[in-house]
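Asks: Okay, sequence plus prediction incoming.
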Amino acid sequence: MAALHYLIWLTTRRSLRPEQAAELIRRFGSAEAVYFAGEEEYGEVPIAPLTRADLSDKSMDGVERILADCDRLNLRILTSQDAEYPERLLQLPDYPLVLYVRGRLFRFDEELAIGMVGSRKCSEYGKRMAGKLAFDLTRAGALIVSGIAQGIDACSLKGALQAGGAAVSVLAGGVDVVYPRENRWLYEDVASAGALISEAPPGTRPDGWRFPIRNRIISGLSVGVVAVEAERGSGTLITAERALEQDRDVFAVPGPADAPMSTGTNGLISKGCAKLVRGAGDILEEYTLRFPHKLRRAEAVPEEERQARLAVEPAPLPAETVDRPASAPERLEEKPAADGAVLAALADQEKEILSLLFQSALTADELIGRTELPARRVNSALTVLQVRGLIQEIPGRRFEAAVRFAEV
């Protein structure tokens, strides 16, 4: 039986904490040796009786189900024994023995990975700062790592995706379990452009106790962690503390002195535990010498365009709920003509989308289906086309061309 089977078996023992699993590997030498050890040998390890009983259960039925689920869902399984496993995680005393990955497999040890964390109940200021930081960091060459909760997590991931880059989300539950449900679009976009990662096997519910354990992976994969907004005693501060324990850099965005959501971040700054961050440059300057191969000077994006991209809500109504209008070429005759130079300046994906909208009004979902582009690319292109006045949104969350060309 392959080593993978024994690693999955070990990580699915109930009540066995990650640091205990790593300690068992150190003591016995391998997951296979742990599997074949007797109950008397487990007695020499400081673990609870319930955990010892779980280790005595040698059934591989659950392992086979997990492997079948991974095959069905096209998930990659990365173990601590694989060459691709990040050295950054191996540095942790409680490193995850197994990771389940949907999407790309990054060489994290070479990435300028920045963890972004913050409150679910964030303020508009927090949302704006999270999106702006992620957007600018991504365009400069950084890789954003976050959770996928409502609030700062979602704004950070959205900022990275709207900048045209990738992002990584570390989940508390299985990578096939969408939580919260309203973030399904974000799950799909992150999986398409980057990666969803979890140490929990597919089908695992994101129970509350899993989140603090999950946070060590966010900070562990990163070279630095940014706290955007956090109350005193919040999970964000726990992540910042773990980052400090892991010898990672910690940054914090300051907020109003009387704002509850800024109590934690302001405290990190005042205690000297975090560097004050006003913009992406305050973070990037720390890594100029360490990641010259990753950092790049990106062309400046006009503030109006950046705000428009970050304001996109990529969750249109299902196509079947929309009253479909008649094809609109005849209405284009009434619209202003655009200079051909404007079309020439568009990216290929923007031209393709505009060409389709010249023929008929479509929803974002329909455009995704027709172009086979990732959702984030379609939403980004729609934003650019709207900002430039080339398309407009009409009732039913549909888009149509706002101009006509001699040739499209």
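Replies: Done, it's in.

Asks: In the stretch 1-150 of the chain, mark out all the helices, start to finish.
Replies: 3-11, 18-28, 31-36, 39-42, 49-55, 61-73, 87-90, 124-139 (DSSP state H, counting those that start in this stretch).

Asks: Give me the contact list for the last one.
Replies: The list of residues contacting helix 124-139 from outside it, by CB atoms under 8 Å, 6 or more residues apart in numbering, reads 114, 116, 118-119, 122, 144, 151-152, 155-160, 162-167, 226, 228-229, 253, 255-256, 259, 261, 277, 279-280, 283-284, 298, 301, 306, 309-310. (C-beta placed from N, C-alpha, C; glycine too.)

Asks: got it, and the second one?
Replies: Helix 18-28 is touched from outside by 10-11, 13, 31, 34, 37, 41, 45, 47, 51, 80, 93-97, 199, 213, 216, with contacts defined as CB under 8 Å, 6+ apart.

Asks: the inter-axis angle of that helix versus helix 3-11?
Replies: Per axes from the mean of the first three to the mean of the last three CA atoms, to 10 degrees, the angle that helix 18-28 makes with helix 3-11 is 130 degrees.

Asks: Mind listing what's buried along helix 18-28?
Replies: 18, 20-25, 28 (16 or more other CB atoms under 10 Å).

Asks: In the stretch 151-300 of the chain, where is pLDDT below threshold?
Replies: Along the stretch 151-300 of the chain, the parts satisfying pLDDT under 70 run over 299-300.

Asks: where along it do the helices fall?
Replies: Under DSSP H, counting those that start in this stretch, the stretch 151-300 of the chain gives helices at 152-162, 184-193, 210-221, 235-245, 263-270, 280-284.

Asks: picking up where we left off before, out of the contacts of helix 18-28, which end up buried?
Replies: By 16+ other CB under 10 Å, those give 10-11, 13, 31, 34, 37, 45, 47, 51, 80, 94-97, 199, 213, 216 as buried.

Asks: could you measure Leu284 against Arg398, distance?
Replies: 39 Å (CB to CB, to the nearest Å).

Asks: So if I had to pick from these two, which one is more boxed in?
Replies: Arg398 (23 against 18; other CB atoms under 10 Å).

Asks: Surely the more buried one touches Ser360?
Replies: No - between Arg398 and Ser360 there is no contact under CB atoms under 8 Å: 9.1 Å.

Asks: tell me which residues in stretch 389-403 are buried?
Replies: 390-392, 396-403.

Asks: mind checking pLDDT for the nearest residue to Leu357 once chain neighbours are set aside?
Replies: Distance criterion CB to CB, 6 or more residues apart in numbering; nearest residue to Leu357, sequence neighbours excluded, is Ala401 at 4.7 Å. At Ala401, the model reports a pLDDT of 86.

Asks: Any idea what Ala401 is bridged to?
Replies: Under DSSP bridges, the beta-bridge partners of Ala401 are Ile391.

Asks: between the helices of the stretch 151-300 of the chain, which one is nearest to Gly103?
Replies: helix 184-193 (4.5 Å; CB to CB).

Asks: Taking their axis directions, the closest one and helix 152-162 sit at what angle?
Replies: Helix 184-193 and helix 152-162 are oriented at 50 degrees to each other (the same axes, to 10 degrees).

Asks: tell me, how many neighbours does the closest residue to Lys121 other than its chain neighbours end up with?
Replies: Distances taken as CB to CB, 6+ apart place Gly151 nearest to Lys121, at 6.4 Å, with adjacent residues excluded. For Gly151, the count of nearby residues is 21 (other CB under 10 Å).
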